[in-house]
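Novice: all I have is the shape, not the residue letters:
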């Protein structure tokens, strides 16, 4: 016969990898699985089967709840997400701080379109920014690129 503890440990291993469940649902499922395993163990006792089944089931469910609270910690995930969010906000803020508008206009009324950019522009507005910043590569951690220019084309429907 397969040991219930082994089945429970395999169940918890598969459950912990499921990203579609919240920490609360994972904890409740762990409690249910632990309670079921405890009931199976309790039912195998020779004397006082009902009492032992209830005792082992409640003990299993309680230990599953404790295990679920320790393993499926939602606060740790929230902290990691907040840290990433703050880092992205700082990067975005520094990008906005370091850009300066060098030229802007519309393709028909204001400043003429630079010759090297004529193929990119349809009627609307445009802005050319000068930048001076280093940006990390998304693929490799040890590679950085220097950004020196940004060109923004505003379509006619949104040009104001």
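Specialist: On my side now, so go ahead. Nothing here was measured: the structure is a model prediction, and the numbers come from that model.
Novice: only C-alpha atoms for contact and neighbour calcs from this point on.
Specialist: Noted.
Novice: residue with max distance from the center of the protein?
Specialist: residue 47 (50.9 Å; C-alpha atoms, centre = their mean).
Novice: backbone dihedrals for it, please?
Specialist: With angles defined as degrees, to the nearest 10, residue 47 sits at phi -110, psi 150.
Novice: same question for residue 139.
Specialist: Residue 139 adopts backbone torsions of phi -90, psi -40, taken as degrees, to the nearest 10.
Novice: could you chop the chain up by domain?
Specialist: Partitioning the chain according to automatic domain parsing yields domains covering residues 4-72, 88-154.
Novice: would you tell me which one of those is buried the most?
Specialist: The highest mean neighbour count among the domains of the chain, using mean count of other C-alpha atoms under 10 Å, belongs to domain 4-72: a mean of 17.
Novice: how much space between the residue farthest from the centre of the chain and residue 53?
Specialist: Using C-alpha to C-alpha, to the nearest Å, one gets 11 Å for the distance from residue 47 to residue 53.
Novice: what do you get for residue 39?
Specialist: According to C-alpha to C-alpha, residue 39 and residue 53 sit 5 Å apart.
Novice: do the same with residue 104
Specialist: 78 Å.
Novice: which pLDDT value goes with the residue nearest to the spatial centre of the chain?
Specialist: The residue lying closest to the centre of the chain (C-alpha atoms, centre = their mean) is residue 81, at 6.5 Å. pLDDT recorded at residue 81 is 85.
Novice: good, wrapping up.
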